[in-house]
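K.L.:
build me a model from this:
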Amino acid sequence: MMEGRVHSLQSLGTVDGPGLRYVVFLQGCPLRCVYCHNPDTWDPAGGAVMDTEELVEKILRCRPYFGAEGGVTVSGGEPLLQAGFVTQLFARLKQEGVHTALDTSGAGDLGKAPALLEVTDLVLLDLKFPTEEGYRQHCRGSLGQTEAFAALVAEKQVPLWVRHVVAPGLNDTLEDMAAVKFWAQRQPTLEKIEWLPFHNLCLEKYQQLGVPFPLADTPPMDREKLDRLIAALG
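P.N.:
Numbering: from 1, shown residues only. Prediction:
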């Protein structure tokens with residue numbers, strides 16, 4: 001039985017995988033994406049300490065609600081920072097016949113990723129930018145790291161959803177989105193691309209933490225404009 005650091009729990013999520021989901025948000029993230037809406041998850045020493053059995057017990061209480069069509073999604077922060085904990089959690093959930101989804105950017109130690117993918121039914125991969133320059137400039141991360149993780153997903157033949165945040169003035173041109181689509185469509189187990197509109201509802205969190213929000217002056221992404229861009233992509 002392992003312990004992990006949990007930021008929060010959401011018993012009935014609707015946007016983190018198929019069906020209704022019990023979503024576990026873990027603590028800790030090595031990236032600093034300019035549009036991050038959960039800066040309170042950055043600190044790996046934050047959150048509440050929970051063990052896998054305690055978490056499984058909480059999840060199974062909600063099983064009547066998410067049922068066979070839904071399942072459990074582990075998000076973050078970055079769940080690969082606690083890969084051993086998530087592996088044990090997913091292994092237990094698989095014993096109970098629960099669908100497991102991993103919401104990750106692929107950041108962290110990939111040495112433990114293969115074992116985790118063995119008990120993962122779906123990967124929600126957050127592609128931040130389709131270029132190395134975009135990652136370095138806006139996330140303090142590496143596209144190469146994300147691609148290395150994507151290669152493991154392909155090797156393990158885990159179904160894949162690629163997710164991408166679209167923010168006004170940052171990456172909201174048809175050219176920007178076409179590059180993301182091109183990257184995603186090269187992934188052999190891709191099932192869908194999810195385009196996530198930027199919002200600034202996190203501004204209060206940054207203010208409470210005393211941390212500047214890089215996109216504080218950026219308006220929310222207009223949903224109609226995003227829909228038009230998606231339609232133009234074909």
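
K.L.:
distance of residue 234 relative to residue 5?
P.N.:
Plainly put, residue 234 is 43 Å away from residue 5 if you go by Cβ to Cβ, to the nearest Å. In short, each C-beta sits where N, CA and C put it, glycine included.

K.L.:
next one: residue 93
P.N.:
Separation of residue 93 from residue 5 (Cβ to Cβ): 19 Å.

K.L.:
and residue 224, by the same measure?
P.N.:
Distance, residue 224 to residue 5, using Cβ to Cβ: 39 Å.

K.L.:
what does residue 52 give?
P.N.:
Distance from residue 52 to residue 5, counting by Cβ to Cβ: 13 Å.

K.L.:
show me what the residue with the shortest distance to the centre of the chain is bridged to.
P.N.:
Closest to where the C-alpha atoms of the chain average out (Cα atoms, centre = their mean) is residue 103, at 3.2 Å. Note on residue 103: beta-bridge partners residue 124, judged by DSSP bridges.

K.L.:
can you check the pLDDT for it?
P.N.:
Here the pLDDT value assigned to residue 103 is 98.

K.L.:
was I right to think it contacts residue 122?
P.N.:
No. The pair residue 103 and residue 122 fails to qualify as a contact (Cβ atoms under 8 Å) at a distance of 9.3 Å.

K.L.:
show me what contacts the closest residue to residue 87 other than its chain neighbours?
P.N.:
With Cβ to Cβ, 6 or more residues apart in numbering as the criterion, residue 87 has its nearest non-adjacent residue at 4.5 Å, and that residue is residue 116. Residues counted as contacts of residue 116 (Cβ atoms under 8 Å, 6 or more residues apart in numbering) are 80, 83, 86, 87, 90, 102.

K.L.:
list the buried residues in whichever strand or helix holds residue 116.
P.N.:
Taking DSSP states H and E as the criterion, residue 116 maps to helix 113-117. Applying a neighbour-count criterion of 16 or more other Cβ atoms under 10 Å, one finds 113, 115, 116, 117 buried in helix 113-117.

K.L.:
elements contacting the strand of greatest length in the chain?
P.N.:
The longest strand of the chain (DSSP state E) is strand 3-13. Under the contact definition 3 or more Cβ pairs under 8 Å, 6 or more residues apart in numbering; DSSP states H and E, strand 3-13 sits against strand 21-26, strand 48-51, helix 52-61, helix 63-66, helix 83-95.

K.L.:
between the ones you listed, which one is nearest to residue 169?
P.N.:
Among these, the nearest to residue 169 by Cβ to Cβ is strand 21-26 (28.1 Å).
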